[in-house]
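Novice: A predicted structure for the sequence below; I have some questions about it.
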Amino acid sequence: GQILSGVMEGISTAVTLGSAGVDCWPDKSRSEMQNVASLDPNELVGPAGGGDARAIQPGGSHTFAVYFENDPKATAPAQEVKVIQRMNPAHYDLTKVGLSTVQWGHTTWTPPTKETTLERTIDIADGLTVHVVGKVDAKAGTITWNLTTIDPLTGKLPEDPLRGFLPPNADGVEGQGVLY
């Protein structure tokens, strides 16, 4: 009773708002819009370990890589990629983690030394830049990477959703990347 009434009221409101567009902007209300979106599956790769438990030796250093891509079925390039990797501080000493190479498509940047925080702006094609920020938070047990396309004229994301740093991964190279 009350739920159906609320749903019907919501539908009525949506229809009323949709009609307002027809009345106020008759030329624009019927134009077609194309929705575009990027899709970003990720994968964490680390030491394989051995035995049924996939155990690794304590101590020493281990290399982890986070692979990301803009799905080939995406209809727009990614303007932002945000990776938050949780690492159990009981198993990993995150005070010793060093962020390193950032790569996507044919673009690679490696800092001079491994750091717990990184920030860099990288020029890319189409007059845009990519702002790269990486941070290790040992207390929270997180490693965070943010890669953001910036229009240098505005200092913000490009207004055009078809301008971004990571195109759909149609060729197996341009639309994918890795963080170390």
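Specialist: Received it, and whenever you're ready, just let me know what you need. Residues are numbered from 1 along each chain as shown.
Novice: low-confidence ranges in the chain?
Specialist: Along the chain, segments meeting pLDDT under 70 span 1-42, 60.
Novice: go again using 90 as the cut-off
Specialist: 1-65, 85, 87-97, 125-126, 172 (pLDDT under 90).
Novice: Tell me if residue 126 really is in a helix.
Specialist: Yes: counting by DSSP: H, G, I helix; E, B strand; the rest coil, residue 126 is found in a helix.
Novice: count of residues packed around it?
Specialist: Residue 126: 12 surrounding residues under other C-beta atoms under 10 Å. Any C-beta I mention is one placed from the backbone N, CA and C, and that applies to glycine too.
Novice: thought it was touching residue 163?
Specialist: Yes: taking contacts as C-beta atoms under 8 Å, residue 126 lies within contact range of residue 163: 6.1 Å.
Novice: May I have the beta-bridge partners of residue 145?
Specialist: residue 83, residue 134 (DSSP bridges).
Novice: start the count at 466, not 1, going forward
Specialist: In the new count, where the first residue is 466, that last one comes out as residue 610.
Novice: Skip the chain neighbours and tell me the closest residue to residue 531.
Specialist: Nearest residue to residue 531, sequence neighbours excluded (C-beta to C-beta, 6 or more residues apart in numbering): residue 644, at 4.6 Å.
Novice: What are the boundaries of the strands in this structure?
Specialist: Using DSSP state E, the strands of the chain run over residues 507-510, 530-534, 545-551, 567-569, 572-574, 582-588, 594-602, 607-615, 641-644.
Novice: Redo these as TSV? Include distance to residue 559 and mean neighbour count.
Specialist: Formatted as TSV, those follow (distance: least, C-beta to C-beta, whole Å; neighbours: other C-beta atoms under 10 Å):
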stretch	distance to residue 559	mean neighbour count
strand 507-510	15	12
strand 530-534	15	19
strand 545-551	10	16
strand 567-569	19	22
strand 572-574	22	14
strand 582-588	13	13
strand 594-602	6	19
strand 607-615	8	19
strand 641-644	15	22
